[in-house]
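Undergrad: Here's my sequence, what's the structure:
(one chain, ligands or ions: 1)
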Amino acid sequence: MMSKISVFSACILLGACIDSTPDAPITGSMDTSDSAETSDSPILWGEETDAVPEFYAASDVPPSQIDRVRTDYETASQSWGNFGPLEYWIVGNDLDAAAELDEEYCAVRIAKDHNLTEDEQQYCLERDYNFEDYARDGGAGLNVVRSDYEAYSVMLITMASKYPYPDETDYISVGYHEYFHVVQSAHIDSRDHEERQSLMVENPWWSEGGAEYMAQLLYSRQPGVESGYLKERMTWKMQSNELLEEGEDFTEIPYSKRAIIAYDLGAWFIAYLIHHVGEDAYRVHFYDDLNSEGWEDAFIGNFGMSADAMLADFEDFLDEPLSVQLDISP
Ligand SMILES: [Zn+2]
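TA: Residues are numbered from 1 along each chain as shown. A predicted model of the protein is given here:
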């Protein structure tokens, strides 16, 4: 998973700010971004649209895998709203094919954004966590291109071809996870990196926990998925509670090797939140209020208490037996 360092490197790269947070070997990560119209696009940032994403794939990616990604996008966008502009970049395992896709990617960036010139091609190709990195390391991630430097704001989902592999069910839930980051990012309008980051919450527990829980919840609702799927996954995630060190607070864990703990317990926090306030209060109303009210006030306004108070209650919940914890999971 990527750290803030990569975000800054990426900013330098295109001479613009691409917030990038691959969820590398684990699941996705995010980033933030926000709004407004792009110079050439009729799609308004943060508003639902009928426009469909563009799908790009490396030459070694089979059509069946592209169909898989497209289908998972359709399921997620129909469930949570269709936002954009959005591009999918599907990377295979072949490094040369990934390098070719990088060339295409950088050409698209420059073609779509009149603020970027051919001079920036090389910076783009050498950006941190490019497609060759994805071909080598696997994973998935969302980047958001949106700042005062860019004329064209866009969200970019990269799906690699391992960790998870395309024939694993996790490939589907990771696709949902990345798309939930699209929903989150579309609801943050600012072009200022710091402001976007604060509305997204800098440490992963909130945004990653939300993306992960919503992805697993959506997957559990798909036809043919076993009824015990979600409780099984949540049981696995609760094992991260044992990995916390004495006195360690999962909300203080940054993107790092230990971030999986924040992903897992963050997912549990979102499950706990939704159990108390309902899915719409979290997924719809909180995000609708985020720009105008800010994170803390949107939290209090929609969930009826401060985040600190709810986190304190959640700490008690983490001490309950697993059977009691699983009772809140559908
Ligand atoms: Zn993520």
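Undergrad: can we go C-alpha only for contacts and neighbour counts from here?
TA: Fine.
Undergrad: Where does whichever residue of the stretch 201-330 of the chain sits closest to the ion fall, secondary structure wise?
TA: Minimum separation of the stretch 201-330 of the chain from the ion (C-alpha to the ion) falls at Glu208, amounting to 4.8 Å. Per DSSP states H and E, Glu208 falls inside helix 204-220.
Undergrad: again, but for Ala97
TA: Going by DSSP H and E, Ala97 is part of helix 95-112.
Undergrad: Can you classify Met155 by secondary structure?
TA: Using DSSP: H, G, I helix; E, B strand; the rest coil, the structure places Met155 in strand.
Undergrad: Bridge partners for it, pull those for me.
TA: Met155 forms beta bridges with Leu86, Val144, as assigned by DSSP bridges.
Undergrad: Neighbours of Asp137, how many?
TA: Neighbourhood size, Asp137 [other C-alpha atoms under 10 Å]: 17.
Undergrad: could you measure it against Asp94, distance?
TA: Going from Asp137 to Asp94 by C-alpha to C-alpha, to the nearest Å gives 11 Å.
Undergrad: Summarise which helices and strands the helix holding Glu208 is packed against.
TA: helix 169-186, helix 229-238, helix 259-277 (3 or more C-alpha pairs under 8 Å, 6 or more residues apart in numbering; DSSP states H and E).
Undergrad: closest to Asn130 out of these?
TA: Of all the helices and strands packed on helix 204-220, the one in closest proximity to Asn130, counting by C-alpha to C-alpha, is helix 169-186 (17.1 Å).
Undergrad: The helix or strand following that closest one near the ion anywhere?
TA: Next along the chain after helix 169-186, taking DSSP H and E as the criterion, comes helix 193-200. No. Counting by C-alpha under 5 Å from the ion, the ion has no neighbours in helix 193-200; the shortest distance is 11.6 Å.
Undergrad: got a list of what Glu103 touches?
TA: Leu125 (C-alpha atoms under 8 Å, 6 or more residues apart in numbering).
Undergrad: Pull up the per-residue confidence for it.
TA: Looking at Glu103, its pLDDT reads 96.
Undergrad: can you list the domain ranges for the chain.
TA: 4-200, 204-326 (automatic domain parsing).
Undergrad: Now the shortest one: average pLDDT?
TA: It refers to domain 204-326. 97.
Undergrad: Between its first and last residues, how far does stretch 135-150 reach?
TA: By C-alpha to C-alpha, the extent of stretch 135-150 from end to end equals 27 Å.
Undergrad: Surely the residue of the stretch 201-330 of the chain closest to the ion and Trp268 touch.
TA: No. Using C-alpha atoms under 8 Å, Glu208 is not in contact with Trp268; the gap is 10.9 Å.
Undergrad: When these two are compared, which one has more neighbours?
TA: The neighbour comparison of Glu208 against Trp268 (other C-alpha under 10 Å) goes to Glu208, with 32 against 28.
Undergrad: how near is that one to Thr71?
TA: From Glu208 to Thr71 the distance is 22 Å (C-alpha to C-alpha).
Undergrad: Ok, Glu246 next?
TA: Counting by C-alpha to C-alpha, the gap from Glu246 to Thr71 is 43 Å.
Undergrad: And those two? Which one has more around it.
TA: Thr71 (14 against 7).
Undergrad: Those residues of the stretch 51-200 of the chain touching the ion, which are they?
TA: Counting by C-alpha under 5 Å from the ion, no residue of the stretch 51-200 of the chain is near the ion.
Undergrad: switch the cut-off to 6 Å
TA: Glu178 (C-alpha under 6 Å from the ion).
Undergrad: where does the stretch 51-200 of the chain have low pLDDT?
TA: The stretch 51-200 of the chain contains no residues with pLDDT under 70.
Undergrad: buried stuff in stretch 154-165?
TA: Within stretch 154-165, the residues scored as buried using 16 or more other C-alpha atoms under 10 Å are 154-164.
Undergrad: Any idea how far apart the tips of stretch 78-86 sit?
TA: 15 Å.
Undergrad: what about that stretch, distance to the chain center?
TA: 13 Å (C-alpha atoms, centre = their mean, to the nearest Å).
Undergrad: Repeat that for stretch 88-97.
TA: Distance, centroid of stretch 88-97 to centroid of chain: 20 Å (C-alpha atoms, centre = their mean).
Undergrad: Check stretch 256-263 too.
TA: Using C-alpha atoms, centre = their mean, the offset of stretch 256-263 from its chain centre is 15 Å.
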